[in-house]
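Visitor: Got a predicted structure here, sequence first:
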Amino acid sequence: MAYQFKIKLLNVKKPPVWRRVIIPENCTFEEFHHTIQISFGWDNEHLHKFSDKPYGGCFEISSRCYDDDMLSNVDSNMYRKSLDEQETKLCDVFGTDHQKLLYVYDFGDDWVHEIVLEDILTVIYPHPVCTAGKGCCPPENCGGPMGYEMLKETLETKPNSAEARRIRAELGLKKGERIEDYKLDLDVINIELKNLKFIMEEEIDDESLDLFEPFYDDEWAEQMHCAVTVCDTEGKILYMNEKSRATFASHGDLIGHNMFECHSPQSQAKIRELMATDGTNSYTIQKNGVKKMIYQTTWKRDGKVAGLVEISMVIPEEMPHYVRS
């Protein structure tokens, strides 16, 4: 089964900001958190929690749990029940239509989302899907709902100012467009949600993530113009960042397909050898006058090789020789 939720950003009006998502009942609240982040367009830069109330509720579900020793030192009414979002599934909490829950993101700006369970579906969904929505996501660190209202006022009263241009750039609006003109791109959202399914299923361990954590940083990857692709030991592609998807756009959506299809037989043999020996490999290739550096390394789960990470970047001719080397 799957749950259909309508999630609305509270204290934001004209236009309202909301999303409708469908998510499998056995997904964890950690996956629900990422689904909300992707569906709204947040950057996942701050703390968050699920709770029955914004403050002082009867329970909360978050990425940090409070053990008995911690709870013994605080008011018993502060956290009557605290659950780990990695272990708590949606079906552990939701069971009847119209149940409500709150999702609070960024404890400084306090973006409160109201989650309403609209329907319980018998159709099987393999991964979360965003089916509808309205309104653009406010910029991070803008001061919460009150700060967002001030930004909107600037766009209305000083549309040609430098500040208004900066705000439009943050919101993804073109020159002359108003916030009311924003159009939600469900295709882009659902591509990311589909990628999320494979990443969350594999449960890459912390040690492996530490090894190549920078390559999951969108800002870092954008600055270095890196294409990042992650596969399992069978070659099934689990993750591709935006640059990687653009590089292989002519092949269509490759998530779930075999990575070896994008490599020559010689490269395939090298990758298989790499995963068998738990090593790293780097080399350069040149095609059509463009030189690229390729870096490959294995990633582990439970101490065993679980797949391969491949990072490629174009080496500009104007880059200093020692850097290019």
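Guide: Cool, the structure landed.

Visitor: now the strands for the protein?
Guide: Listed in chain order, the strands of the chain (DSSP state E) span 2-9, 18-24, 48-51, 60-62, 82-84, 100-105, 111-121, 129-134, 226-232, 237-240, 280-287, 290-301, 304-314.

Visitor: Now render those as CSV, adding distance to residue 36, mean neighbour count and mean pLDDT.
Guide: The C-beta positions use only the backbone N, C-alpha and C, and glycine is treated the same way. Shown next, in CSV, are the strands of the chain (distance: least, CB to CB, whole Å; neighbours: other CB atoms under 10 Å; pLDDT from 0 to 100):
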stretch, distance to residue 36, mean neighbour count, mean pLDDT
strand 2-9, 6, 21, 96
strand 18-24, 8, 22, 95
strand 48-51, 8, 21, 94
strand 60-62, 13, 23, 90
strand 82-84, 17, 16, 88
strand 100-105, 6, 19, 96
strand 111-121, 7, 17, 95
strand 129-134, 10, 18, 93
strand 226-232, 23, 23, 83
strand 237-240, 19, 23, 80
strand 280-287, 36, 11, 77
strand 290-301, 26, 17, 81
strand 304-314, 27, 19, 84
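
Visitor: For residue 162, find the nearest of those.
Guide: Ranking the strands of the chain by proximity to residue 162 (CB to CB) places strand 111-121 first, at 26.2 Å.

Visitor: circling back: let's have the strands of the chain in JSON lines, adding distance to residue 181.
Guide: Shown next, in JSON lines, are these (distance: least, CB to CB, whole Å):
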{"stretch": "strand 2-9", "distance to residue 181": "18"}
{"stretch": "strand 18-24", "distance to residue 181": "17"}
{"stretch": "strand 48-51", "distance to residue 181": "29"}
{"stretch": "strand 60-62", "distance to residue 181": "36"}
{"stretch": "strand 82-84", "distance to residue 181": "40"}
{"stretch": "strand 100-105", "distance to residue 181": "25"}
{"stretch": "strand 111-121", "distance to residue 181": "22"}
{"stretch": "strand 129-134", "distance to residue 181": "12"}
{"stretch": "strand 226-232", "distance to residue 181": "33"}
{"stretch": "strand 237-240", "distance to residue 181": "31"}
{"stretch": "strand 280-287", "distance to residue 181": "41"}
{"stretch": "strand 290-301", "distance to residue 181": "38"}
{"stretch": "strand 304-314", "distance to residue 181": "35"}
